[in-house]
Structures are given as C-alpha cells and as structure tokens.
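Student: this one's sequence-less:
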C-alpha cells in the first residue's frame, strides 16, 4: 500500500500544479496576435492586436501557455500595471528591437517597417489581459505584385487577415512561420481543404496544452468508471453538446459573456468529479444528460477562443469543422494517456477505485472549486 499512497500523493501534487496554472490562465493565457494587412497609398500597412507587455518583457511565447509560467513573469506583471500612456512609451523604446525581428518582403525584396502608432487600451483590472493595437507600415516598390509577412518565433502565433480586396488571404501562422507570397490585388484566399487542415492543430492546441479546465473535465469523465461503456456514453454526450454550441455561437446565434461561462465550466468540473466519488461507477440514466448540459457550456468556451481571431468568411465551415476535430483529437489524446497510466491499475478492481479514482476525482473537484471562486469573485 505504500506504493499506492505515493502514487496518490503524486496525483494530488500534479493537480495542485494544474490549479496554480489554470487559475492564471484566464488572466494571462497566451493567445494568437491578429494582424490586419492592407495596401494604402502605396504602403503596406498592418494593424496588430497583441499583448504588448509580453513582447516588451521578452517572454518567449512559444515556450509557455500563459505568461505566469515565464521567467519574465514579474516583468510582464509590472508592465501590465502601468497606465496606458506609460506602456505606450515603453513600447516605443522597444520598437527598434521588434522592427528588426519582423519579416516583411515585396516580391522577395525586404521592406523596412515604420512605426505608425501603438494604442494601449485601458483596462483597470490588472488581473485581466490588456489588448494593445500596434500599427506599422512599409513603402511598397512600384509595381509590386506580392508581399509576405512573418515575425520572430518568440513572438508566438500570428493570424494574418488581408483587407480591402476580393478573395482575401487569411492565414494562421505558427510561431516563426512566413505567410508566403500574398497577392496585393487579392485572390490569395486559402482553399477550403487547406483551411480545414490548418484549423485542426488550433483546436488540438486549445485542449493540449492550453485547455487545463477542459482536460480536468475529461479526466472527471474518465475516472467515473473502469468500463468503456460509461466513458463512451459520457464522451459522446459531451462531444455532441459542445459541437452544437460551438457552431451556434460561432454563427452568432448564442452568446454569453465569459464572466458567466467560465465559472459555470469550473462548476461542471466540480460536479462530475464529486459524483464520481458518490455514484460508485454505476451510470445513472441522467448522468449523460447532465454531461450533455455541461458540454453546451464548454462549447461556448471553445467558441470564445475562435472569437479571439475569427474564422475566414470564405471558408467558415471548413475552419469550424477543423477546429472541432482538433478539439476531439485533444480529448482523445487525454483519454488515451489516462488509459495507459491508470487502467493498468484498474485491472485490480478491489482497490483501484478506493485508492486512485476517488482521490483523483476529489482532487479534481478541489481544483474546480478553487476556479469557481476565483472566476466569480477575484
């Protein structure tokens, strides 16, 4: 039994770490920057919505899922506490370094970007992220046919949206990636199949590693029983439900503020985990229905992620389906890892539930309860 106690203590320590990370995720989660690209008066102009504090602090956005994990977290927080005008001044000091790490070309010839302005939007609650809008431009050579954009990998992922043309280019660029040639006259719209493929990793990434609350909910479903049947019923109900609200919310038919959705998602984690400890692994007729209801909430949470950078108008449905498939793959990855780690022990039915499933479920419930309080009151 000493081995079992050590195993359970390890589970509890891991969940404690998840609590500290997940609590910060709502305030400092790393999200893609969004760049609107347009040709104006012979100049290539870009307007980039981003978390300017992370850039100035030197956070490597490829290495963390939220800024509290970064070695520069204290610098980020001190910058986040600055008034907008002071943060603007700090960014202007940083601009020459950033400009040197931007990759802009016209017909493969490098362009030199000029800073046009930085708007730091006021947000009094320093626990919330602050979105700034950076504007810069570069003179285009006469007769230029194509442009390409990109930036240093440490700046993270970048969504590029072309404006003011027919069939505009829209791209989701992984950290350090280049857009490739974009026709300045339009017509570079990415095909629907490619859009579908591009959005699968976006959905997966929202579960693993960034979706700690969704991971804990799926683990709450996993620890309910050692039998595949109950797990299949629950996961199916959850998948159908979040697919419905993800689609409806993305289409604009259902909208709820994050201040309501996020605490309820945390409460759903508490509910399924506590019931694991009380139900004895017997699937009641109403458990899948309750999971379905919670899945509707999680779908609104997924839609909020898509809302951060939008879906391409010309390929809305392929992008939505690709994102949802990525989410499903992320869930299956979590369940597969949990199965490998825990169902070897589950073969010993006499002590698995008492020594592993129930303690792990109660630890998950404790994390969820902490999030409910944090997301409601803090």
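Tutor: Noted; the coordinates are in hand. Everything numeric here is computed off the predicted structure, so don't read it as measured data.
Student: which parts of the stretch 101-250 of the chain are helices?
Tutor: Using DSSP state H, counting those that start in this stretch, the helices assigned to the stretch 101-250 of the chain run over residues 192-207, 212-222, 228-250.
Student: contacts for the first one next, please.
Tutor: What that stands for is helix 192-207. Applying C-beta atoms under 8 Å, 6 or more residues apart in numbering, the external contacts of helix 192-207 come out as 170-172, 174, 190, 214-215, 302, 305, 312, 314-315, 317-331, 333-334. Bear in mind the C-beta positions are built from the backbone N, C-alpha and C, glycine included.
Student: can you get me a residue count around the residue nearest to residue 230 when sequence neighbours are not counted?
Tutor: In this structure, residue 230 finds its nearest non-sequential neighbour in residue 283, 4.2 Å apart by C-beta to C-beta, 6 or more residues apart in numbering. By other C-beta atoms under 10 Å, 16 other residues sit near residue 283.
Student: could you find the closest non-adjacent residue to residue 116?
Tutor: Looking at residue 116 with C-beta to C-beta, 6+ apart, the closest residue is residue 135, at 4.2 Å.
Student: tell me the bridge partners for the one you found.
Tutor: When bridges are assigned using DSSP bridges, the partners listed for residue 135 are residue 47, residue 117.
Student: pretty sure it sits against residue 114.
Tutor: No - taking C-beta atoms under 8 Å as the definition, residue 135 is not a contact partner of residue 114, at 9.9 Å.
Student: circling back: which among the contacts of helix 192-207 end up buried?
Tutor: Among these, those that count as buried by neighbour count (16 or more other C-beta atoms under 10 Å) are 170-172, 190, 214-215, 302, 305, 312, 315, 318-331, 334.
Student: so where's the stretch 151-300 of the chain uncertain?
Tutor: Counting by pLDDT under 70, the stretch 151-300 of the chain shows low-confidence ranges at 280-281.
Student: residue 189 - how many residues pack around it?
Tutor: A count of nearby residues for residue 189, using other C-beta under 10 Å, gives 20.
Student: and what of the one 4 residues further on?
Tutor: Other residues near residue 193 come to 11 when the count uses other C-beta under 10 Å.
Student: what's the answer for the one 3 residues further on, then?
Tutor: Taking other C-beta under 10 Å as the neighbour definition, residue 196 ends up with a count of 19.
Student: need the contact partners of stretch 157-173.
Tutor: Around stretch 157-173, the neighbours that count as contacts under C-beta under 8 Å, 6+ apart are 32-39, 48, 61, 149-151, 174-175, 177, 179, 182-190, 195, 198-199, 202, 309-310, 312, 314-315.
Student: filter those to the buried ones?
Tutor: The buried subset of the contacts of stretch 157-173 (16+ other C-beta under 10 Å) comprises 32-39, 48, 61, 149-151, 175, 179, 182-184, 186, 188-190, 195, 198-199, 202, 309, 312, 315.
Student: residue ranges for the strands of the chain, please.
Tutor: Remark: strands assigned in the chain by DSSP state E are 33-40, 43-50, 102-106, 109-110, 114-120, 132-139, 146-151, 158-162, 170-173, 182-183.
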